[in-house]
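Visitor: how would this look folded up:
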Amino acid sequence: MMTRNPDKIRPFPISVYLGVVLALIFCGIAASGYLFFSHYRVYTDISYSSFCAISKAINCDTVAQSPYSIFSGVPVAIWGIIGYVFMLITLWLSFDIRSKKMTLFPTLFLLGAGFSMVSIFLGILSGVKIHSYCLMCILTYGINFMLLYMFWMMKSRFDQNTWKAAVKKDISFWNTHKLKAVKFYSPLIVSTILIIAFIPAYWHMGVTDPGKKVIATGVTEEGDPWIGSRTPELTIVEYSDYMCFQCRKMHFFLRKLIAGYPEKIRLVHKHFPMDKKFNPMLKEDLHPGSGILSSIAVHAAREDRFWDLNDYLYHYNMGGNAIYLRKIAQESGLDLDRLKTGIHDIETRQKLQEDIISGLKKNISGTPSYIINDKVYTGLIPSDVLSAVIK
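Guide: Now for the predicted structure:
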């Protein structure tokens with residue numbers, strides 16, 4: 001019986017390992033590119049939903065909507081692309097085409113370890129702070145760990161130096177090739193600076209309406225604040241929650257729409273906080289604290305400040321802030337003492353209950369929901385409903 005001699009087993013040539021590493025890096029760039037595309041669409045397209053918005057626990061959109069999707073004024077996905085390009089440049093510098101030999105194994109291993117540590121941190125953040133995971137993010141985590149493993153394997157198979165000696169060799173390489181490193185890394189550094197300086201903050205939604213003060217406002221016979229036309233062709237009743245991302249996105253879309261058609265459309269606001277302390281239909285406390293925000297808005301309506309405070313409250317909760325009445329009063333111009341008593345006033349509580357009960361009678365169970373011509377639409381308003389007015 002013949003046996004295979006282990007001494008004759010040779011590792012794959014280094015080009016095979018490089019091919020695998022390159023494939024992983026380009027997969028990382030592609031995944032990060034999709035994450036940036038999805039992040040942009042989540043904030044700018046009212047009808048967008050990513051393919052991995054599967055459940056409450058597995059939902060790329062929820063992760064994109066969190067304040068943790070932005071770092072230093074730049075989406076985390078873009079930082080991912082920058083990181084992979086940096087690794088790609090380092091890989092290029094490490095390989096000598098003529099001799100087909102490779103150096104900088106400790107440097108590449110350190111990069112892989114850094115990427116893996118970031119992956120662990122982001123994974124913990126998703127579980128502890130966001131309470132939801134993104135499948136594409138998890139894919140990049142796997143890519144990062146695979147890169148770390150590949151760099152370790154390449155070092156063990158193609159570099160016989162000890163790690164200490166290999167690190168000294170890397171330091172010598174960088175000291176000798178400073179100009180070459182500057183030449184290759186400079187375009188990436190300049191591009192990163194330009195991105196930080198000029199990327200539009202599309203994730204900061206708001207009303208772009210210099211003339212919003214001249215748009216008519218009022219109160220319906222039922223006591224609901226409205227904005228838009230005094231004699232509308234289309235009336236939209238919104239049931240909203242200040243902690244609901246889609247509510248925020250749709251609200252500012254509608255506010256901009258009314259700014260463009262102030263004589264045709266009227267928006268009527270009703271509160272439907274998904275807060276178990278205020279909303280009796282809830283089995284799960286989806287947005288604890290949203291009832292307090294609604295109470296602040298109801299108080300502001302009695303102060304004739306509803307629409308300013310309404311827009312402000314959507315912005316206030318954009319970063320998942322705790323509710324500080326003093327901060328809200330200072331930034332909004334409300335009187336703090338009247339605010340403290342107003343949110344607990346019996347009339348405030350009655351108004352919230354009236355809105356919630358009216359929604360329940362319409363079989364509304366989630367936000368945002370809209371009533372147009374006695375028909376309920378949840379999440380979105382079909383474009384054909386609006387097109388008859390804005391054509």
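Visitor: could I get the full set of helices for the stretch 201-350 of the chain?
Guide: Ranges of helices within the stretch 201-350 of the chain are 245-260, 290-302, 306-316, 325-332, 336-342, 346-361, based on DSSP state H, counting those that start in this stretch.
Visitor: so of those helices, which one's packed in deepest?
Guide: Comparing these by mean neighbour count (mean count of other CB atoms under 10 Å), helix 290-302 ranks first with a mean of 24. For glycine as for every other residue, the C-beta is placed from the backbone atoms N, C-alpha and C.
Visitor: using JSON lines, please lay out the helices of the stretch 201-350 of the chain together with mean pLDDT and distance to K100.
Guide: Output for those, formatted as JSON lines (pLDDT from 0 to 100; distance: least, CB to CB, whole Å):
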{"stretch": "helix 245-260", "mean pLDDT": "88", "distance to K100": "52"}
{"stretch": "helix 290-302", "mean pLDDT": "93", "distance to K100": "62"}
{"stretch": "helix 306-316", "mean pLDDT": "87", "distance to K100": "57"}
{"stretch": "helix 325-332", "mean pLDDT": "90", "distance to K100": "62"}
{"stretch": "helix 336-342", "mean pLDDT": "92", "distance to K100": "72"}
{"stretch": "helix 346-361", "mean pLDDT": "93", "distance to K100": "69"}
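Visitor: could the ones you listed be laid out in CSV, adding distance to S32?
Guide: Listed next are the helices of the stretch 201-350 of the chain as CSV, based on distance: least, CB to CB, whole Å:
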stretch, distance to S32
helix 245-260, 22
helix 290-302, 33
helix 306-316, 28
helix 325-332, 35
helix 336-342, 44
helix 346-361, 40
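Visitor: for the ones you listed, which one sits closest to E284?
Guide: E284 sits nearest to helix 290-302 of all the helices of the stretch 201-350 of the chain, at 13.2 Å, using CB to CB.
Visitor: okay, the angle between that closest one and helix 245-260?
Guide: 20 degrees (axes from the mean of the first three to the mean of the last three CA atoms, to 10 degrees).
Visitor: show me what helix 290-302 is packed up against.
Guide: Counting contacts by 3 or more CB pairs under 8 Å, 6 or more residues apart in numbering; DSSP states H and E, helix 290-302 packs against strand 265-271, helix 306-316, helix 325-332, helix 336-342, helix 346-361.
Visitor: what about the helices in the stretch 51-200 of the chain?
Guide: Using DSSP H, counting those that start in this stretch, helices in the stretch 51-200 of the chain cover 60-65, 76-94, 105-125, 135-158, 163-176, 178-198.
Visitor: winner for burial among those helices?
Guide: helix 60-65 (a mean of 25).
Visitor: which helices and strands does that helix pack with?
Guide: helix 14-44, helix 135-158.
Visitor: adding mean pLDDT, write these out as JSON lines.
Guide: Shown next, in JSON lines, are the helices and strands packed on helix 60-65 (pLDDT from 0 to 100):
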{"stretch": "helix 14-44", "mean pLDDT": "95"}
{"stretch": "helix 135-158", "mean pLDDT": "96"}
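Visitor: out of these, which is closest to H251?
Guide: Of these, nearest to H251 by CB to CB is helix 14-44, at 13.5 Å.
Visitor: which positions in that closest one come out as buried?
Guide: 17-18, 20-21, 24-25, 27-32, 34-36, 38-43 (16 or more other CB atoms under 10 Å).
Visitor: I figured W203 was touching S66, is that so?
Guide: No. W203 lies out of contact with S66 (CB atoms under 8 Å); the separation is 10.5 Å.
Visitor: so which of the helices and strands packed on helix 290-302 is nearest I381?
Guide: The nearest among the helices and strands packed on helix 290-302, by CB to CB, is strand 265-271 at 11.0 Å.
Visitor: and the angle for that closest one with helix 245-260?
Guide: Using the same axes, to 10 degrees, strand 265-271 lies at 150 degrees relative to helix 245-260.
Visitor: show me what strand 265-271 is packed up against.
Guide: Against strand 265-271 (3+ CB pairs under 8 Å, 6+ apart) you get strand 225-228, strand 234-240, helix 245-260, helix 290-302, helix 346-361.
Visitor: what about the second one, distance to the chain center?
Guide: This means strand 234-240. 26 Å (CA atoms, centre = their mean, to the nearest Å).
Visitor: dump it to CSV, restricted to CA.
Guide: Provided in CSV are the C-alpha atoms of strand 234-240 (Å, rounded to 0.1, in the frame of the first residue of the first chain):
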residue,chain,number,x,y,z
LEU,A,234,-56.6,66.8,-0.9
THR,A,235,-56.6,66.4,2.9
ILE,A,236,-54.1,64.0,4.5
VAL,A,237,-54.6,62.9,8.1
GLU,A,238,-51.4,61.5,9.5
TYR,A,239,-51.1,59.3,12.6
SER,A,240,-47.5,59.6,13.7
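Visitor: hmm, who's touching that strand?
Guide: 224, 247, 250-251, 254, 264-272, 355, 359, 364, 367-372, 381, 385-386, 388-389 (CB atoms under 8 Å, 6 or more residues apart in numbering).
Visitor: redo that, cut-off 6 Å
Guide: 247, 265-270, 272, 359, 364, 367-372, 389 (CB atoms under 6 Å, 6 or more residues apart in numbering).
Visitor: strand partners (parallel or antiparallel) of it?
Guide: strand 265-271 (parallel), strand 369-372 (antiparallel) (DSSP bridges).
Visitor: what does the average pLDDT come to for that strand?
Guide: Per-residue pLDDT over strand 234-240 has a mean of 95.
Visitor: quick one, it and helix 346-361 angle?
Guide: Using the same axes, to 10 degrees: strand 234-240 against helix 346-361 is 110 degrees.
Visitor: okay, which residue is most central for this structure?
Guide: A64 (2.5 Å; CA atoms, centre = their mean).
Visitor: contacting residues around that one?
Guide: H39, V42.
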